[in-house]
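Chemist: Sequence and predicted structure are below.
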Amino acid sequence: MANSVVLSAILLDWFDQNRRDLPWRKDRTAYGTWISETMLQQTRVNTVIPYFERFLEMFPDIPSLSAAPLEDVYKAWEGLGYYSRAANLQKGARCCTEQFGGALPQNYNDLMTIQGIGPYTAGAIASLAFGLPEPAVDGNVIRVFSRLYALPLTQQDEKSKREVTDLVRRVLPEDRSGDFNESIMDLGATVCIPGCPACGICPVSNFCQAFLLGKQSELPLKKAKKPSPVFTYTIVILKKGNTLFIRQRPDTGLLANLFEFSSYPGLLHPGELQTLLFRDFNLSPQEIGSITSLGEATHVFSHIKWEMEGYLVEINEINDDIYSPLQFSEKEETGNFYTIHYARKMAFPSALKAYTAVVFR
Ligand code: ADE
Ligand code: SF4
């Protein structure tokens, strides 16, 4: 316990000398705290400053925010993004008007009943504006605490947030809870920054387990990325003489307007593919000259992954005194045969590189 008293005392001393001069820290009010903390979710401090000042001029208090047309609130928010935050502020203001006499309630539990106010914002308003001993834990606080205690925590993770909330509760000084919460915010923003923190100038490096272990750059843990959904395709390159069947992708969506070969969902064996080609392209067995495997390929997009199996299907020209385009039946194909020479200049997605490299070689 003694240690945590020293830790908070050092942080508060550091904060007294280094606190950032931010507009919501002058004349601290519950309303201004609510607005600034809401703006600061997902948006950087420097961006928020002018928005905060303008918003408080337009809507200086809960009655004016309650009474404003929602369009005006959106207008004041324009450029900050996440517009539901703006709509929630007005809903919250109206809730305060109806249920709490036109002011923010002065305790954590009532604050939590207001639309758009979650544990972080409730804790921030309670501690910063009302001096109540409540933690206010966001991703930055998780970063600082995971380092101070060398804990394998993850930002944006509910379990880590609960763990840090408990830790903050243990070190939070009753008499200066707001300043303590803000000292962590400032330390996280200016010293204990993401990536490589500035431990050399850190006031609490003597207490910091991650620093003592040399693990400050490894904490907090990176969120394990969810594996992207996988889509499988059988890519079919129909080759007739010196021409290839090519179609254009739709003008919206993934890889819009780019050219590609025919394909089927799923990874098909040559036998399965042959059956589908008979069905969809009205090909007779004699017309399918050969089906050559071009192997597997994968392509990782930002949000999905393609796994592909490619085949080169050579079509015999049985009756080559008449030009006979394929008679498509069930498969809704809208492509054409292009000479390889011409097709080289068409824009194919690099996702198909493994196959374009073979046929355009
Ligand atoms: N980020 C979130 N809340 C903040 C605050 N009150 N001061 C500085 N940065 C913050
Ligand atoms: Fe963060 Fe380094 Fe200070 Fe530890 S010593 S709290 S890692 S800045």
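Modeler: Arrived safely, thanks for sending. Ligands and ions are numbered 1, 2, ... in the order given.
Chemist: if we look at the top strand by length along the chain, which residues are touching it?
Modeler: For the chain, the longest strand by residue count, based on DSSP state E, is strand 288-300. The contact list for strand 288-300 (Cβ atoms under 8 Å, 6 or more residues apart in numbering) reads 228, 235, 237, 270, 273-274, 277-278, 305-316, 350-355, 358. All C-beta atoms are positioned from the backbone trio N, CA, C, and that covers glycine.
Chemist: one more time with 7 Å, if that's ok
Modeler: Here strand 288-300 makes contact (Cβ atoms under 7 Å, 6 or more residues apart in numbering) with 228, 270, 273-274, 277, 305-316, 351, 354-355, 358.
Chemist: same question, stretch 56-71
Modeler: Applying Cβ under 7 Å, 6+ apart, the set of residues contacting stretch 56-71 from outside is 31-32, 35, 76, 87, 89-90, 93-94, 96-97, 102-103.
Chemist: Buried ones among these?
Modeler: Among the contacts of stretch 56-71, those buried by neighbour count (16 or more other Cβ atoms under 10 Å) are Y31, G32, I35, A76, A87, L89, Q90, A93, R94, C96, T97.
Chemist: Endpoints of stretch 204-216, how far apart?
Modeler: 13 Å (Cα to Cα, to the nearest Å).
Chemist: which residues are in contact with it?
Modeler: So stretch 204-216 is contacted by L7, I10, L11, R147, L148, Y149, A150, P197, C199, C202, L219 (Cβ under 7 Å, 6+ apart).
Chemist: Stretch 79-87 too?
Modeler: Residues contacting stretch 79-87 (Cβ under 7 Å, 6+ apart): T38, M39, Q41, Q42, T43, Y51, L70, V73, Y74, W77, G116.
Chemist: My guess is the second one contacts F52. True?
Modeler: Yes: under the criterion of Cβ atoms under 7 Å, M39 makes contact with F52 at 5.9 Å.
Chemist: more neighbours, the two?
Modeler: When M39 and F52 are compared for neighbours, M39 comes out ahead with 23 against 20, by other Cβ atoms under 10 Å.
Chemist: name the element the closest residue to that one other than its chain neighbours belongs to?
Modeler: Computed as Cβ to Cβ, 6 or more residues apart in numbering, the closest residue to M39 that is not its neighbour in sequence is V48, at 4.5 Å. In the assignment (DSSP states H and E), V48 maps to helix 45-58.
Chemist: For whichever residue of the stretch 1-150 of the chain sits closest to ligand 2, give me its contacts.
Modeler: Nearest residue of the stretch 1-150 of the chain to ligand 2: R147, at 3.8 Å (Cβ to the nearest ligand atom). By Cβ under 7 Å, 6+ apart, R147 lies in contact with C192, C208, A210, Q216, L219.
Chemist: ok, and which of those residues reach ligand 2?
Modeler: Contacts with ligand 2 within the contacts of R147, as defined by Cβ under 6 Å from any ligand atom: C192, C208, A210, Q216.
Chemist: which residue sits closest to the first one, ignoring its sequence neighbours?
Modeler: In this case it means C192. The shortest distance from C192 to any non-neighbouring residue, by Cβ to Cβ, 6+ apart, is to V144 (4.8 Å).
Chemist: where's that neighbour, which helix or strand?
Modeler: Counting by DSSP H and E, V144 is part of helix 139-148.
Chemist: For that helix, C-alpha coordinates in PDB please.
Modeler: This file holds the C-alpha atoms of helix 139-148, laid out as PDB (Å, rounded to 0.1, in the frame of the first residue of the first chain):
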ATOM      1  CA  GLY A 139      -7.000   2.200 -24.000                       C
ATOM      2  CA  ASN A 140      -4.300   4.700 -23.000                       C
ATOM      3  CA  VAL A 141      -4.700   3.900 -19.300                       C
ATOM      4  CA  ILE A 142      -4.500   0.200 -20.100                       C
ATOM      5  CA  ARG A 143      -1.200   0.800 -21.900                       C
ATOM      6  CA  VAL A 144       0.300   2.700 -18.900                       C
ATOM      7  CA  PHE A 145      -0.900   0.200 -16.300                       C
ATOM      8  CA  SER A 146       0.100  -2.900 -18.300                       C
ATOM      9  CA  ARG A 147       3.600  -1.500 -18.300                       C
ATOM     10  CA  LEU A 148       3.700  -0.200 -14.700                       C
END
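Chemist: and the next element down the chain from that helix?
Modeler: Downstream of helix 139-148 (by DSSP H and E), the next one is helix 158-171.
Chemist: touching ligand 2 at all, that next one?
Modeler: No: Helix 158-171 is not in contact with ligand 2 by Cβ under 6 Å from any ligand atom; minimum separation 13.0 Å.
Chemist: now for that helix, which elements pack on it?
Modeler: The contact analysis (3 or more Cβ pairs under 7 Å, 6 or more residues apart in numbering; DSSP states H and E) places helix 158-171 against helix 2-18, helix 139-148.
Chemist: buried ones in it?
Modeler: Going by 16+ other Cβ under 10 Å, helix 158-171 has these buried residues: S160, K161, E163, V164, T165, L167, V168, V171.
Chemist: C96 looks like it's in a strand, true?
Modeler: No: with DSSP: H, G, I helix; E, B strand; the rest coil as the criterion, C96 is helix rather than part of a strand.
Chemist: Can you tell me how far F100 is from R94?
Modeler: Distance from F100 to R94, counting by Cβ to Cβ, to the nearest Å: 11 Å.
Chemist: go on, P349?
Modeler: For P349 relative to R94 (Cβ to Cβ), the value is 50 Å.
Chemist: can you list the domains in this protein?
Modeler: Per the record, the chain has its domains at 4-213, 230-359, by automatic domain parsing.
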